[in-house]
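Chemist: missing the sequence, but the structure's below:
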């Protein structure tokens with residue numbers, strides 16, 4: 001099996017190194033990742049300048065672009081062979097709820113959405129993970145991903161991926177299939193004056209999780225709930241964002257005016 005690994009933390013990030021090491025027993029592992037951190041780039045592609053994939057070691061490439069660029073190049077001519085699976089991560093920090101709208105980790109996985117096997121976005125969730133500097137800090141999560149893939153990936157509808165969040169706990173309780181939770185409004189921006197007297201702004205932190213039990217999914221809980229209780233969260237997400245529940249109603253109500 002040929003496995004493509006990308007991320008948004010950069011090609012030298014400890015999470016991607018741990019993941020590559022853990023997946024090598026499953027086949028050929030190729031890392032194609034941004035040359036530096038590209039968090040928050042979602043599915044952005046670079047269209048205003050050329051991209052330069054640079055091999056920095058055996059089966060490790062650095063790209064001067066976004067996470068989605070890395071997967072797009074890899075699956076559209078950079079190599080003379082095809083990949084069987086795309087795994088994005090391990091991200092340093094959670095990608096829960098509304099995070100998937102912005103996440104470069106999820107964006108990279110979505111570029112692998114047309115593969116026969118579901119692409120996977122993997123994140124390590126915990127208050128201290130952004131300070132981790134060594135692949136050993138991600139070893140438990142990486143081994144979980146190895147076992148998950150080795151046991152056989154589930155069959156999903158076309159254009160779906162799996163968004164996986166692994167809690168940074170001493171002992172995992174197991175895994176739960178979850179739905180995408182919701183966050184409250186983001187924290188306010190903060191304003192400062194830089195040393196040259198110019199006003200600058202920082203984007204506020206993400207909002208907190210919002211309790212939203214959904215009757216249509218039975219006993220299934222949100223990704224926030226699973227991670228908060230020590231379980232790996234496995235959420236199927238899709239490219240098609242059409243709201244089919246209101247599609248007909250909207251058509252009927254607006255058609256006379258269109």
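Modeler: Received, thanks. Computed from a prediction, not measured in an experiment: that's the story for all the values here. Residues are numbered from 1 along each chain as shown.

Chemist: low-confidence ranges, the chain, go.
Modeler: 215 (pLDDT under 70).

Chemist: break down it into its helices, ranges please.
Modeler: 14-23, 67-75, 104-110, 139-150, 223-228, 244-254 (DSSP state H).

Chemist: quickly compare the ones you listed and say which is most buried.
Modeler: helix 104-110 (a mean of 30; mean count of other CB atoms under 10 Å). Where C-beta positions appear, they are placed from N, C-alpha and C, glycine not excepted.

Chemist: what packs against that helix?
Modeler: helix 67-75, strand 85-92, strand 120-125, strand 160-167 (3 or more CB pairs under 8 Å, 6 or more residues apart in numbering; DSSP states H and E).

Chemist: ok, back up a step: out of the helices of the chain, nearest to residue 185?
Modeler: For the helices of the chain, distance to residue 185 was read as CB to CB. The smallest value, 15.8 Å, belongs to helix 223-228.

Chemist: which residues sit against the closest one?
Modeler: 94, 96-97, 125, 163, 165, 167, 175-176, 178-181, 209, 232-233, 235 (CB atoms under 8 Å, 6 or more residues apart in numbering).

Chemist: one more time with 6 Å
Modeler: For helix 223-228, contacts defined as CB atoms under 6 Å, 6 or more residues apart in numbering pick out 96, 125, 165, 167, 176, 178, 181, 209, 233, 235.

Chemist: please report which of these has the highest neighbour count.
Modeler: Neighbour tally across the contacts of helix 223-228 (other CB atoms under 10 Å): the maximum, 30 neighbours, falls on residue 233.

Chemist: got JSON lines for the helices of the chain, with distance to residue 29 too?
Modeler: JSON lines is the format used below for the helices of the chain (distance: least, CB to CB, whole Å):
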{"stretch": "helix 14-23", "distance to residue 29": "5"}
{"stretch": "helix 67-75", "distance to residue 29": "12"}
{"stretch": "helix 104-110", "distance to residue 29": "15"}
{"stretch": "helix 139-150", "distance to residue 29": "11"}
{"stretch": "helix 223-228", "distance to residue 29": "26"}
{"stretch": "helix 244-254", "distance to residue 29": "38"}
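
Chemist: of these, which approaches residue 195 most closely?
Modeler: helix 104-110 (29.9 Å).

Chemist: pull out the buried positions in stretch 109-118.
Modeler: 109-113, 115, 117-118 (16 or more other CB atoms under 10 Å).

Chemist: ugh, wrong one, stretch 168-177
Modeler: Residues of stretch 168-177 classed as buried: 168, 176 (neighbour count, 16+ other CB under 10 Å).

Chemist: closest one of the buried residues of stretch 109-118 to residue 53?
Modeler: residue 111 (14.6 Å).

Chemist: wait, which of the contacts of helix 223-228 is closest to residue 159?
Modeler: residue 235 (15.0 Å).

Chemist: now the closest one: closest residue in space that isn't a chain neighbour?
Modeler: residue 163 (4.6 Å; CB to CB, 6 or more residues apart in numbering).

Chemist: OK, contacts around the one you found?
Modeler: 106, 121, 235, 237.

Chemist: how close does residue 113 sit to residue 80?
Modeler: 22 Å (CB to CB, to the nearest Å).

Chemist: before we move on, back to that, the helices and strands packed on helix 104-110: which one's closest to residue 30?
Modeler: Of those, the one closest to residue 30 (CB to CB) turns out to be helix 67-75, at 7.2 Å.

Chemist: what sits up against the closest one?
Modeler: In contact with helix 67-75 (CB under 6 Å, 6+ apart) are residues 4, 6, 8, 32-33, 38, 43, 45-46, 51, 53, 63, 86, 104, 107-108, 111-112.
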